[in-house]
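> no sequence on hand, only this structure:
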């Protein structure tokens, strides 16, 4: 009898936590999706989304083994936040790079220059890296160039 009571309390507690996390996740996705931030809370909602997605996946796996019917709650929440998962994880599209620039599009080049250290810390390695950067910039002709430090 006590084992069944503990199991029932644990199941209800975990289901309550899951429903609460679903609500927080859906609200966070809605706040981030708004084009004009409502308040400072919007920024924190965006920071919380990766962790909420992880918790949703963990609850989904847990419920699939423990009580498969409850897995629907996490699955629905993850489907609602599907766009945020695409934003979080950059999937490589099958489309290749187009050399032709289209009107109305902005081309951004982002390069991690690693302190211009190149291949090792030799002068020749630094020259090779600088040449690669310049060649890539000239080849792709970006509108905006971002050089990041390692």
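Everything's here; your move. Being a predicted model, the structure only gives us computed values, none of them experimental.

> wait, what's in contact with the residue nearest to residue 15 when sequence neighbours are not counted?
Sequence neighbours aside, residue 70 is the residue nearest to residue 15 in space, at 6.2 Å (criterion: CB to CB, 6 or more residues apart in numbering). All C-beta atoms are positioned from the backbone trio N, CA, C, and that covers glycine. Neighbour list for residue 70: 15, 18, 63 [criterion: CB atoms under 8 Å, 6 or more residues apart in numbering].

> my read is that the second one contacts residue 73, right?
So the one you mean is residue 18. Yes. The pair residue 18 / residue 73 is scored as a contact, 5.9 Å apart, by CB atoms under 8 Å.

> wait, residue 50 sits on residue 88?
Yes. Counting by CB under 8 Å, residue 50 touches residue 88, with 5.7 Å between them.

> related to what we said a few turns ago, ranking by neighbours, what's the top pick from the contacts of residue 70?
Taking other CB atoms under 10 Å as the neighbour criterion, residue 18 ranks highest of the contacts of residue 70 with 22 neighbours.

> list the residues that contact that residue.
With contacts defined as CB under 8 Å, 6+ apart, the neighbours of residue 18 are 59, 63, 70, 73, 74.

> which stretches in the chain count as helices?
Taking DSSP state H, the helices of the chain run over residues 2-33, 41-66, 71-80, 82-88, 123-140.

> out of those, the one nearest residue 101 is which?
Residue 101 sits nearest to helix 123-140 of all these, at 9.2 Å, using CB to CB.

> how about the contacts made by the residue nearest to residue 110 when sequence neighbours are not counted?
Spatial nearest neighbour of residue 110, chain neighbours left out: residue 146 (4.6 Å); criterion: CB to CB, 6+ apart. Contacts of residue 146 were listed using CB under 8 Å, 6+ apart, and they are 108, 109, 110, 111.
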